[in-house]
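Enquirer: Make a model of this:
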Amino acid sequence: MISRFIVVMFMIGSVVFTADHNLTTERTIISVDEVDTLSDWGRLINAIIYVESRGNDSAIGDKGKAVGCLQIHPICVREVNRILRSNDIPLVYTLEDRYSRAKSIEMFNIISEEYECCEEYTFIEYAEIVARRWNGGPIGHKKTTTIKYWNKVQSVL
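Expert: Have a look, this model is predicted:
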């Protein structure tokens, strides 16, 4: 499963570059002209960033527990590091890394790739599962409480 993560990381490298280096403010994710050049996966990430923080890399939410553009909780950083250790990948993320857009996107990708599923789904069906899990945890796609979140993400897509 982690090998798919590595392939996805190479595929979205340009998205990470765009997200981290071509922005002029923390509130803008990408310009309207750039949207057509993004992969479906890149568009999903940007939609989730918009829903989570309106593109603010310094955002703090959930009473100080969630931070960064993707509103990452400490438990998510621990889970990412556990996944990396279990796959013998010598990389460790810190809580401070949540403020880095590029590192936040890397952590999002690691978490998204951890759960097996979805080869038989369309992209939009897969995107819903990923978004709802991002919002509600490993079984978030089964929780009715994450439907509203998915509707927000989908409206930005």
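
Enquirer: Quick check: the gap between residue 146 and residue 129.
Expert: Using C-beta to C-beta, to the nearest Å, residue 146 is found at 10 Å from residue 129. Yep, even glycine has a C-beta here, placed from its N, CA and C like the rest.

Enquirer: And for residue 43?
Expert: With C-beta to C-beta as the criterion, residue 43 and residue 129 are 16 Å apart.

Enquirer: returning to what we had before: compare residue 146 and residue 129 and say which is more crowded by neighbours.
Expert: Taking other C-beta atoms under 10 Å, residue 146 and residue 129 do not tie; residue 146 has more neighbours (22 against 19).

Enquirer: The more buried one belongs to a strand?
Expert: No. Counting by DSSP: H, G, I helix; E, B strand; the rest coil, residue 146 is not part of a strand but helix.

Enquirer: mind listing what it touches?
Expert: Each residue near residue 146 by C-beta atoms under 8 Å, 6 or more residues apart in numbering is listed here: 131-132, 135-136, 140.

Enquirer: Distance-wise, check it relative to residue 96.
Expert: Noted for residue 146: a distance of 28 Å to residue 96, by C-beta to C-beta.

Enquirer: Export the contacts of residue 146 as a markdown table, with columns for secondary structure and pLDDT.
Expert: A markdown table is the format used below for those (DSSP: H, G, I helix; E, B strand; the rest coil; pLDDT from 0 to 100):
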| residue | secondary structure | pLDDT |
| --- | --- | --- |
| 131 | helix | 97 |
| 132 | helix | 97 |
| 135 | helix | 97 |
| 136 | helix | 95 |
| 140 | helix | 94 |
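
Enquirer: which of those lies closest to residue 53?
Expert: Relative to residue 53, the closest of these is residue 135; by C-beta to C-beta it sits at 13.3 Å.

Enquirer: ok, how many other residues are close to that closest one?
Expert: Using other C-beta under 10 Å, residue 135 has 22 neighbouring residues.

Enquirer: Point out where this structure drops to low pLDDT.
Expert: 1-38, 116 (pLDDT under 70).

Enquirer: residue closest to the middle of it?
Expert: residue 108 (3.6 Å; C-alpha atoms, centre = their mean).

Enquirer: ok, the residue lying closest to that one once chain neighbours are set aside to residue 134 distance?
Expert: Among residues not flanking residue 108 along the chain, residue 70 sits closest, at 5.5 Å (C-beta to C-beta, 6 or more residues apart in numbering). Applying C-beta to C-beta, the value for residue 70 to residue 134 is 8 Å.
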